[in-house]
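# got a predicted model here, sequence first, then my questions.
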Amino acid sequence: MGLSLCGVLIFNGLFMLVSPRAWFALPEWAGFRGKLSAEKYSRGWGALQVRITGAMLLGLLLWMACTAVFR
């Protein structure tokens with residue numbers, strides 16, 4: 001995976017985890033939102049789903065980095 005793609009994924013994962021509302025405010029080219037809408041996923045259960053997805057994304061990237069370094 002390219003270093004720039006990893007940077008964008010980490011950036012998105014952090015925004016998703018910290019503040020789904022701010023993640024939806026990102027420009028379309030930086031957000032990787034697909035068909036998700038701010039009205040449905042920026043509050044309540046939808047925001048929790050976005051946060052869980054962000055945590056999973058960051059965990060996956062950390063696991064990949066650790067596997068690449070320590071093998």
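In hand now; what should we look at? Numbers count the residues shown, from 1 in each chain.

# can you list contacts of stretch 54-64?
Residues from elsewhere that reach stretch 54-64 (C-beta atoms under 8 Å, 6 or more residues apart in numbering): 1, 6, 9-10, 12-18, 23. In this view, the C-beta of every residue, glycine as well, is placed from N, C-alpha and C.

# before we move on, what about stretch 34-42?
Against stretch 34-42 from outside (C-beta under 8 Å, 6+ apart): 20-21, 24, 46-47, 49-50.

# please apply the same query to stretch 4-15.
Counting by C-beta under 8 Å, 6+ apart, 22-23, 26, 30-32, 54-55, 57-58, 61 sit against stretch 4-15.

# how about it: buried residues?
9, 12-13, 15 (16 or more other C-beta atoms under 10 Å).

# ok, back up a step: can you redo the contacts of stretch 34-42 as TSV with secondary structure, distance to residue 71 and neighbour count?
Formatted as TSV, the contacts of stretch 34-42 follow (DSSP: H, G, I helix; E, B strand; the rest coil; distance: C-beta to C-beta, whole Å; neighbours: other C-beta atoms under 10 Å):
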residue	secondary structure	distance to residue 71	neighbour count
20	helix	34	23
21	helix	39	14
24	helix	37	19
46	helix	37	16
47	helix	36	18
49	helix	33	15
50	helix	32	22
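
# looking at the chain, which helix or strand does the model trust least?
helix 28-31 (a mean of 78; mean pLDDT, DSSP states H and E).

# of the buried residues of stretch 4-15, just say which sits nearest to residue 68.
Distance ranking of these against residue 68, using C-beta to C-beta, places residue 9 first at 14.7 Å.

# please state the offset of the helix or strand encompassing that closest one from the chain centre?
Using DSSP states H and E, residue 9 sits within helix 3-18. Mean C-alpha position of helix 3-18 versus that of the full chain (C-alpha atoms, centre = their mean, to the nearest Å) differs by 5 Å.
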